[in-house]
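[1] I need the structure of the sequence given here:
(one chain, ligands or ions: 2)
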Amino acid sequence: MRITLALAVAGLIRALLALPSQTIFQNIPDDAYRIPTVHESAVMARRILHLSTLGTLSTIFPASTSTQEIRPSDVSGTAIGLVDYIADCEHATGNPTILALDIATSFKNVAAGSNISLSLNWVPPSGQVRSPASLPRFSLQGYLEDVSAAEAAEHAIPACFAKYHPDARARYPGNRIHSSRWTRLVVQEVYWIGGFGDRAFIGWIPVREWRNVTREEVRDCVLPGEEKRTTWMEWFGFR
Ligand SMILES: *[C@@H]1O[C@H](CO)[C@@H](O)[C@H](O)[C@H]1NC(C)=O
Ligand SMILES: *[C@@H]1O[C@H](CO)[C@@H](O)[C@H](O)[C@H]1NC(C)=O
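    Ligands and ions are numbered 1, 2, ... in the order given. Reported below is the predicted structural model:
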């Protein structure tokens, strides 16, 4: 009797894990040649942010000053893109969460007055891509803002960030080795390249569209080449 029950439960769990999501989710236009709307592109961008753990932070080296570290003087004014840890912890705004280490070049440049942008790109987990140029990528232009301790608690930032980066806890604010802060990239502009221009939207996504994407839209969106297997956790909104 107990064994039968256990088998039934195991079967149910297996069925839930293997929900045939392709038939449920219909975010991508049916007609493969219809160019996605700006809003559909915003939803894809928000899903890419939601699934990404790393992004490239681009900043500009300031003019050299004698108080700064030694670096080649001719890099002043040039852009440097460095990959860093990010997380999607503030759904209401879509502002990415970044753990800023004061010692890292990107944050030193910002402290010295540089602007900053974050670029992300979508790589299907299957790795089976006919043409990488057909895949979405985009850049978020904005500025870094400190997340106060109260806000970090309110939005459960440490726990959210740990879901994306279990190894980052040792560098959380208050650690003994690095001076670090919770920050958010306040998104002001979104430049989107959905893929080839004959079948993807390429251009600026209004920030209002970026912000008003719903959790359900992010959950239900299927990115190109994404093998969507929504787990029951995601289905019930736990992730
Ligand atoms: C940063 O970007 C703003 C436009 O958003 C511009 O006015 C400002 O000059 C830029 N700052 C630097 C240091 O380039
Ligand atoms: C999101 O914002 C855009 C632009 O303001 C608007 O056209 C659209 O109706 C909004 N969608 C929702 C779900 O609020």
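
[2] count the neighbours of the spatially closest residue to Tyr172 that is not a sequence neighbour for me.
    Spatial nearest neighbour of Tyr172, excluding adjacent residues (Cβ to Cβ, 6 or more residues apart in numbering): Pro158 at 6.1 Å. (Glycine included, C-beta is placed from N, CA and C.) Pro158 has 16 neighbouring residues, counting by other Cβ atoms under 10 Å.

[3] Pro158: what secondary structure?
    With DSSP: H, G, I helix; E, B strand; the rest coil as the basis, Pro158 sits in helix.

[4] residues touching it, list them.
    Ala152, Arg169, Tyr172 (Cβ atoms under 8 Å, 6 or more residues apart in numbering).

[5] and it, how close does it get to Ala152?
    According to Cβ to Cβ, to the nearest Å, Pro158 stands 6 Å off from Ala152.

[6] may I ask you to name the longest strand in this protein?
    As far as residue count goes, and with DSSP state E defining each element, the longest strand of the chain is strand 180-193.

[7] what about it, distance to the chain center?
    From the chain centre to the centre of strand 180-193 is a distance of 10 Å (Cα atoms, centre = their mean, to the nearest Å).

[8] what do you get for stretch 169-179?
    Relative to its chain's centre, stretch 169-179 lies at 23 Å (Cα atoms, centre = their mean).

[9] quick one: average confidence on it?
    Summarised as a single mean, pLDDT over stretch 169-179 is 88.

[10] going forward, count from 518.
    In the new count, where the first residue is 518, that last one comes out as stretch 686-696.

[11] could you dump it to CSV, C-alpha only?
    In CSV, the C-alpha atoms belonging to stretch 686-696 read as follows (Å, rounded to 0.1, in the frame of the first residue of the first chain):
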residue,chain,number,x,y,z
ARG,A,686,28.2,35.5,0.4
ALA,A,687,31.9,36.0,1.4
ARG,A,688,31.9,39.3,-0.3
TYR,A,689,28.6,40.7,1.0
PRO,A,690,28.6,44.1,2.7
GLY,A,691,30.2,43.8,6.1
ASN,A,692,32.7,41.0,5.2
ARG,A,693,36.2,41.3,6.6
ILE,A,694,38.1,41.3,3.4
HIS,A,695,36.5,43.6,0.8
SER,A,696,34.7,46.8,1.2
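
[12] contact partners for Ser569?
    Residues counted as contacts of Ser569 (Cβ under 8 Å, 6+ apart) are Ile603, Asp605, Leu637.

[13] what about the first one, which helix or strand?
    Under DSSP states H and E, the secondary-structure element containing Ile603 is strand 596-604.

[14] quick check: which element contains the closest residue to Arg701 other than its chain neighbours?
    Nearest residue to Arg701, sequence neighbours excluded (Cβ to Cβ, 6+ apart): Asn612, at 4.2 Å. Using DSSP H and E, Asn612 sits within no helix or strand.

[15] one step back: now the contacts of Pro675: which count as buried?
    For the contacts of Pro675, a burial check counting by 16 or more other Cβ atoms under 10 Å picks out Ala669, Tyr689.

[16] for the contacts of Pro675, which one is nearest Arg725?
    The closest of those to Arg725 turns out to be Ala669 (Cβ to Cβ; 25.9 Å).

[17] work out for me the element the most centrally placed residue in the chain sits within.
    Nearest to the mean C-alpha position of the chain, by Cα atoms, centre = their mean, lies Leu566 at 2.3 Å. Here Leu566, judged by DSSP H and E, is contained in helix 555-568.
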